[in-house]
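Asks: just need the structure, nothing else, for what follows:
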Amino acid sequence: MALLAQLVDDVVVSKFDLQPGRLSIGRHPDNDIMIDDISVSGHHAMIEVVPSEYLEGTLEFFIVDQGSKNGTFVNESPVRERERLVDGDVIRLAWNKFKLIDTGSSQFTSTAHVLQ
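Replies: The predicted structure is shown next:
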């Protein structure tokens, strides 16, 4: 399960489930996630959720800035083109923060095989 958590002062105020497809974010009411903030563009960013090419049953996440005026940032780095997102990434749209939470990603980090 994956979700996008909206943060205010590092406290989760809203959660949005991420399903395969595209999720639009912006100030205009026709977005999947509408942010009522003048610093956010009408159609600010798009999150793409796609099945992984490499790991069956897992999802991959990408973000694209839609030409916003105040920018889209991942972990405070500006998004210049389609950028991959991973569990724990903090997304900032103008001054609005979201965190990607992907509980499915941790299932692959607990097993390691050491070859001797």
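Asks: quick one, what contacts the residue positioned nearest the centre of the chain?
Replies: Residue closest to the mean C-alpha point of the chain, counted by CA atoms, centre = their mean, is Leu100 at 5.1 Å. Leu100 sits next to 2-4, 18, 61, 85-89, 91 when contact means CB atoms under 8 Å, 6 or more residues apart in numbering. Where C-beta positions appear, they are placed from N, C-alpha and C, glycine not excepted.
Asks: any of those buried? List them.
Replies: With neighbours counted using 16 or more other CB atoms under 10 Å, the contacts of Leu100 contain these buried positions: 2-4, 18, 61, 85, 89, 91.
Asks: that older thread, from the contacts of Leu100, which land in helices?
Replies: With helices taken from DSSP state H, there is no overlap with the contacts of Leu100.
Asks: TSV for these, including pLDDT and distance to Ser41?
Replies: Listed next are the contacts of Leu100 as TSV, based on pLDDT from 0 to 100; distance: CB to CB, whole Å:
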residue	pLDDT	distance to Ser41
Ala2	94	24
Leu3	95	23
Leu4	97	18
Leu18	96	21
Phe61	98	21
Leu85	98	19
Val86	96	25
Asp87	96	26
Gly88	97	25
Asp89	98	20
Ile91	98	14
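Asks: where do the strands sit along this structure?
Replies: 2-8, 11-17, 21-26, 33-34, 45-51, 59-65, 72-74, 77-78, 83-85, 90-93, 96-102 (DSSP state E).
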